[in-house]
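> Okay, here's the prediction I keep looking at, along with the sequence it came from:
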Amino acid sequence: MTELTVKGFTFGNGTPRICVPLIGRTDEEILKHANVIREEIDRLDEKYSDNPELRVAVIEWRTDYYEKLADLEALTNILRQIRELFSDRILLFTFRSEEQGGEFRHDRVGSNLEPVIKTAITSQLIDMLDVEFTCGNYKIVRATTGAHKMGVKVIMSYHDFQRTPHDEEIVDKLRDMDILGGDILKIAVMPRTEFDTRRIMELNARLVAESFKPIVLISMSDLGVASRFKCKETGACLTFGTIGTESAPGQIEVDDLIALLKNQ
């Protein structure tokens, strides 16, 4: 598998990197949650000081919750404060659309996210940008090209909250994501049975062996919990845990997630 290193954290080398979502509607809520996350990851760093590979690597700011997202000056100001708090971690900028499981209320930015994305990637305050695979090839290419010009890496993502697609459909999506410029390829799906979860985990392991870019296939909900911590078995390069607030069904509290990862 091709490896990718950002701020000293390597993806695709067999070590799953841990990502924590940062959520809030107002500046005050965001900073309150950010400080809770900062305090907890510092505590965990000390608790697992002998296992630096278990450090939280990525802070994902879920901007679809932010009520002032369309105010580019406010966006830059809060982004700067988040960056200062997490200067030693990867900062991932994510706007999750309603169709892909994001917060409802698109009136904040209307249908045009481009100025928001441009502000984020030219601010020199973020390390990674989430680009949804469903937003259309033209918008995807504009976003990935713009991000790469500024040295920002792209997580290309796709979510299916209804089912677990067939293996061939997932592989086709991953190949298209690769062509469209994703640096890390992420697909999260909804299992209907434990077999769906096992199939996703086995597919992740097979694709890693076939030298894809760093990938992560996630099975959501309680049925899919194993896919979130058996990452050394599957080769998934990234996993998501919570500190205070979850952003997707089935996420595990980070303290519990690290303990599970450590015991693999």
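Received, thanks.

> going forward, measure contacts between C-alpha atoms and count neighbours the same way
Fine.

> Residue 18 versus residue 48, what's the distance?
Look at residue 48 and residue 18: by CA to CA, to the nearest Å, they are 14 Å apart.

> okay, now residue 80: neighbour count?
Residue 80 has 16 neighbours, counted by other CA atoms under 10 Å.

> C-terminal to the helix or strand harbouring it, what's the next element?
Assigned by DSSP states H and E, residue 80 belongs to helix 72-85. Where DSSP H and E defines the elements, the next helix or strand beyond helix 72-85 is strand 90-94.

> mind listing what that following strand pairs with, with the direction of each?
The pairing partners recorded for strand 90-94 under DSSP bridges are strand 56-62 (parallel), strand 128-132 (parallel).

> next structured bit after it?
As assigned by DSSP H and E, the chain's next helix or strand after strand 90-94 is helix 114-122.

> Just list what that next one packs against, helices and strands only.
helix 72-85, helix 137-149 (3 or more CA pairs under 8 Å, 6 or more residues apart in numbering; DSSP states H and E).

> Can you tell me the SS state at the residue located most distally from the centre of the chain?
Here the chain reaches farthest from its C-alpha mean at residue 50, the gap being 25.5 Å by CA atoms, centre = their mean. Under DSSP: H, G, I helix; E, B strand; the rest coil, the three-state class of residue 50 is coil.

> shaky segments in the protein?
By pLDDT under 70, the low-scoring segments of the chain are 1, 104-111, 245-250.

> Longest helix in it, please.
Longest among the helix segments of the chain by residue count, using DSSP state H, is helix 27-47.

> Tell me which residues of it come out buried.
For helix 27-47, burial by neighbour count (16 or more other CA atoms under 10 Å) applies to 27, 30-31, 33-34, 37-38, 40-41, 44-45.

> Residue 92 pairs with what?
Beta-bridge pairing for residue 92 (DSSP bridges): residue 60, residue 128.

> quick one: it and residue 59 touch, right?
Yes: with contact defined as CA atoms under 8 Å, residue 92 reaches residue 59; the gap is 6.0 Å.

> rewinding a little: helices or strands next to the longest helix of the chain in the packing?
Counting by 3+ CA pairs under 8 Å, 6+ apart, helix 27-47 packs on strand 17-22, helix 72-85.

> Figure out which of those is closest to residue 211.
strand 17-22 (18.4 Å; CA to CA).

> now the closest one: how far from the chain's centre is it?
7 Å (CA atoms, centre = their mean, to the nearest Å).

> Got phi/psi on residue 155?
Backbone torsions of residue 155, given as degrees, to the nearest 10, read phi -100, psi 110.

> so it sits right up against residue 129, yeah?
Yes: counting by CA under 8 Å, residue 129 is a contact partner of residue 155 at 6.1 Å.

> In contact with residue 16, which residues?
Shown in contact with residue 16 (CA atoms under 8 Å, 6 or more residues apart in numbering): 231-232, 235-239.

> Tabulate those in TSV, adding columns for secondary structure, distance to residue 88 and neighbour count.
Formatted as TSV, the contacts of residue 16 follow (DSSP: H, G, I helix; E, B strand; the rest coil; distance: CA to CA, whole Å; neighbours: other CA atoms under 10 Å):
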residue	secondary structure	distance to residue 88	neighbour count
231	helix	24	25
232	helix	24	15
235	coil	25	27
236	coil	23	30
237	coil	19	28
238	strand	18	26
239	strand	19	23
